[in-house]
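Chemist: Return atomic coordinates for the entry below.
(chains A and B)
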Amino acid sequence: MNPGKILLVEDNPDDVALTLRALKSHNITNDVVVAQDGVQAIDFLFGAKDRAAAAELPAVVLLDLKLPKVNGMEVLQRIRSEERTRLLPVVILTSSDEERDIIDGYSLGANSYVRKPVDFVEFTKAAQQLGLYWLLMNRAPPPPEVPDLRGRGASHPHNRGRSTGR
Amino acid sequence: MSIRDWPIRRKLTAILLLISGLVLLLTSAAFVTYQVVTFRQTMRNNLAIRARILAANSTAALAFANEADARELLDALKYDPHMVAAALYDRNGRVLATYPAAPTDDRIPAAPQADGYRFEGGRLVGFTPVAQGGNQRLGTLYLASDTKAVSDALRLSGIIAIVVLAIALLAAYALAAGLQGRISAPILALAETATAASTRQDYSLRAPKFGEDELGTLTDAFNQMLGRIEEQKKELQHHAMRLEQRVAERTRELEKRAAELLAANSELDAFAYSVSHDLRAPLRSIDGFSQVLLEDYGAQLDDAGRDSLHRVRAASQRMATLIDDLLKLARVTRTEMRTERVDLSGLARDIVGEIQRTTPDRQVDFAIAPGLEAEGDTQLLRVVLDNLLRNGWKYTGKQPQPRVEFTAMDENGDRVFVIKDNGAGFDMTYADKLFGVFQRLHSSAEFEGTGVGLATVRRIINRHGGRIWAEGVVDQGATFYFTL
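Modeler: Numbering: from 1, shown residues only, chains lettered A, B, ... in the order given. Predicted coordinates:
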């Protein structure tokens, strides 16, 4: 149905292995791309140097919060601030259930907040449900139009004229 | 202004004038009276002497009833302008001659009266016997003199008295005005000093001393009092200053403590945050890979091997619960309190509903008194009731007719909330361990638990400024009491 990819942003290799195992054991065959820190996630979404290199957007981002270099909240902030990824579904998947993290996550525009259960059986269930929900049930936002930045900038020349006209 | 409100100078002057005036007045009156009395006495004596002389001269005229001689004799009285009338009566009381010769009015009595002189109707009148030799009475002489001399004398002494009075009063006034200062000056100085001291709060002032009399003693006492007040004021100021210093010191200390506390709190915050994120991750790996082993290699293990892995998983999950409970306990201390009116009965009903929904297989009789209310933080009080009610639910697990009650009572004016169950209870010997972190009175095999719940409850109650205590009997139940 939806051939989208999952971007898993997770620095702990154990968690990566367990998440992959949980997803695979429930026949969620979509490609899972793993970013091991915030910088890798941003590179994947926006391209290392320029926009042209950016890969196709994933169907959902599973985002851990405590990450080396650039943390999860900063990644989320960046995603929401860019026109291209403004509507991208982001699920925070993390160890903490600190109220502050939950409030900050939703405030920055997370679509969901899931705490990783310690019990692997529970964890597997959660991963399965997340995969099913975001890949199969949820309708993704339409792919964004490629913005012509140069054209847009030139279409409002009167703005400058007005500010200097006095 | 009433006399009572007169200044003391005027009062003293008035008193002195009044006394001296009264004395002078009495003295003058005595003087005038004495003058008048003596003068009248002298006048009467003079008239009597003159009468006797005249009587002696008129014996012949009377003896021979010689009217002409008698008239001539009396006529000589004209040289005394005060003589008003005179008459000579013969032995039978008939008038022989009068002065003036032809009297114009009834100044001359028709017949002689009793001998002697008296003042009568503004005149001095008198009858003197005219006798020859020893006792042969020939007739009677009558003389009347006016009293102008008396009134003249009276007027003169009156004028003298008034002049002396006026001069004496003036002198008295001058003296009084001068001397009243001796008494009023120290009093006025005292009053002035007292007013100045009280209005300016200046207790270093001293009243001047004028002498060693009672006013001097009063001034000394007053000055001593001012001195003591001054000393006490200084002492008070000293104390106030020291108090201020101490307050400032304490404030600095408190500020330092508050800063330290703030630092400690934020450290605790960071610690809890780190625990929340980092401590659980390894547990997930332990549990996850144990499960992976069980799933992928379970067949290659014997029962003991599989049992070991199950134990590893159970332990890691239990560790996760412990971490969660500890984080809750930390959160109870860190979260800000919002005090409001809390419907405890309503909260308890919600919690009981939740318990019954999630564990439909157990029937516990919950009795919640209606209308229990308290001031506090709703979220935190929910944690308290949740822990205590779930405890009641948990420890009645082996009781055939489990019952948990939530009521309240008043004790010494305090509202005491009571949660009572008929469950496993506890030994009162260990009552003090009930509320310690990780302290448990039952094994996990008997009753599940981490030993953090009651510690959390006590911390919340303490934050509300309340108390919590418990009573229990083994196998008969436990009762928890708390105030807020």
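Chemist: what sits against the residue lying closest to B:Ser276 once chain neighbours are set aside?
Modeler: Counting by C-beta to C-beta, 6 or more residues apart in numbering or on different chains, A:Ser96 is the residue found nearest to B:Ser276 once chain neighbours are left out, at 4.3 Å. Just so you know, the C-beta spots here come from the backbone N, C-alpha and C atoms, and that holds for glycine as well. Contacts for A:Ser96 were tallied using C-beta atoms under 8 Å, 6 or more residues apart in numbering or on different chains; they are A:65-66, A:115, B:273, B:276-277.
Chemist: low pLDDT regions in chain A?
Modeler: Where chain A drops to pLDDT under 70, the residues are A:1-3, A:29, A:48-55, A:144-166.
Chemist: What parts of it come near chain B?
Modeler: A:12, A:14-15, A:18, A:21, A:65-66, A:94-100, A:116-121, A:123 (C-beta under 8 Å from any C-beta of the partner chain).
Chemist: let's go with 10 Å and repeat that
Modeler: Neighbours of chain B within chain A, by C-beta under 10 Å from any C-beta of the partner chain: A:11-15, A:17-19, A:21-22, A:25, A:64-66, A:94-101, A:115-124.
Chemist: just the buried members of the residues you listed?
Modeler: By neighbour count, with 16 or more other C-beta atoms under 10 Å in any protein chain shown, those hold A:11-12, A:15, A:18-19, A:21-22, A:64-66, A:94-96, A:98, A:101, A:115-120, A:123-124 as buried.
Chemist: Quick one: neighbours of residue 127, just the number.
Modeler: In the absence of a named chain, chain A is used. 25 (other C-beta atoms under 10 Å in any protein chain shown).
Chemist: Oops, wrong one, chain B.
Modeler: 19.
Chemist: ok, back up a step: cross the residues of chain A next to chain B against strands and list the overlap.
Modeler: Cross-referencing these against strands under DSSP state E gives A:94, A:115.
Chemist: Can you classify B:Ala470 by secondary structure?
Modeler: Judged by DSSP: H, G, I helix; E, B strand; the rest coil, the three-state class of B:Ala470 is strand.
Chemist: Quick check: beta-bridge partners of it?
Modeler: B:Phe480 (DSSP bridges).
Chemist: Check the contact between it and B:Asp427; I expect there is one.
Modeler: No. In terms of C-beta atoms under 10 Å, B:Ala470 does not count as a neighbour of B:Asp427; the distance is 11.6 Å.
Chemist: what about these two, which has more around it?
Modeler: In terms of neighbours (other C-beta under 10 Å), B:Ala470 is the more surrounded of B:Ala470 and B:Asp427; the figures are 18 against 10.
Chemist: Report the separation between the more buried one and chain A.
Modeler: 30 Å (C-beta to the nearest C-beta, to the nearest Å).
Chemist: Same question for B:Glu214.
Modeler: 84 Å.
Chemist: Now do that residue: how many residues are near it, please.
Modeler: Around B:Glu214 there are 9 residues (other C-beta under 10 Å).
Chemist: what number of residues lie near residue 83?
Modeler: Let's take chain A. Neighbours of A:Glu83 (other C-beta under 10 Å): 11.
Chemist: I was after chain B.
Modeler: 19.
Chemist: Which residue, neighbours along the chain excluded, lies closest to it?
Modeler: B:Leu77 (4.4 Å).
Chemist: Check the spacing between the one you found and chain A real quick.
Modeler: Counting by C-beta to the nearest C-beta, the gap from B:Leu77 to chain A is 142 Å.
Chemist: who in the stretch 251-400 of chain B is up against chain A?
Modeler: B:269, B:272-292, B:294-296, B:313-314, B:316-321, B:323-324, B:327, B:331, B:335.
Chemist: Drop the exposed ones from these and show what's left.
Modeler: If we count by 16+ other C-beta under 10 Å, those have these buried: B:272-273, B:275-277, B:279-281, B:283-292, B:294, B:313, B:316-317, B:319-320, B:323-324, B:327, B:331.
Chemist: Out of the residues you listed, which sit inside helices?
Modeler: Per DSSP state H, helices hold the following members of those: B:272-273, B:280-281, B:283-292, B:294, B:313, B:316-317, B:319-320, B:323-324, B:327, B:331.
Chemist: Let me see the backbone angles for the residue nearest to B:Ser276.
Modeler: phi -80, psi 150 (degrees, to the nearest 10).
Chemist: buried ones in stretch B:386-400?
Modeler: B:386-396, B:399.
Chemist: Report the central residue of the chain.
Modeler: I'll assume chain A. A:Val61 (3.4 Å; C-alpha atoms, centre = their mean).
Chemist: That was the other one, I meant chain B.
Modeler: B:Ser198 (17.0 Å).
Chemist: Would you mind measuring from that residue to chain A?
Modeler: From B:Ser198 to chain A the distance is 64 Å (C-beta to the nearest C-beta).
Chemist: and that residue, that's in a helix?
Modeler: Yes. Looking at B:Ser198 with three-state DSSP, it is inside a helix.
Chemist: What pLDDT does the model give it?
Modeler: Looking at B:Ser198, its pLDDT reads 87.
Chemist: Narrow the buried ones among the residues of chain A next to chain B to those in helices?
Modeler: A:15, A:18-19, A:21-22, A:101, A:120, A:123-124.
Chemist: Moving C-terminal from the helix or strand harbouring A:Val61, which element do we reach first?
Modeler: Element membership for A:Val61, per DSSP states H and E: strand A:60-63. Counting by DSSP H and E, the next helix or strand C-terminal to strand A:60-63 is helix A:72-81.
Chemist: so what secondary structure elements neighbour that next one?
Modeler: Contact analysis of helix A:72-81 by 3 or more C-beta pairs under 10 Å, 6 or more residues apart in numbering or on different chains; DSSP states H and E lists strand A:6-9, helix A:38-46, strand A:60-63, strand A:90-94, helix A:99-107 as its packing neighbours.
Chemist: Sort out which residues of it are buried, please.
Modeler: Here helix A:72-81 shows A:72-76, A:78-79 as buried, counting by 16+ other C-beta under 10 Å.
Chemist: Show the residue spans covered by the helices in the stretch 1-150 of chain B.
Modeler: B:8-57, B:59-63, B:67-75, B:148-200 (DSSP state H, counting those that start in this stretch).
Chemist: same check, this time on the stretch 351-484 of chain B
Modeler: Using DSSP H, counting those that start in this stretch, helices in the stretch 351-484 of chain B cover B:378-395, B:453-463.
Chemist: Which two among the contacts of A:Ser96 are spaced furthest apart?
Modeler: A:Arg115 and B:Tyr273 (14.2 Å; C-beta to C-beta).
Chemist: Good, wrapping up.
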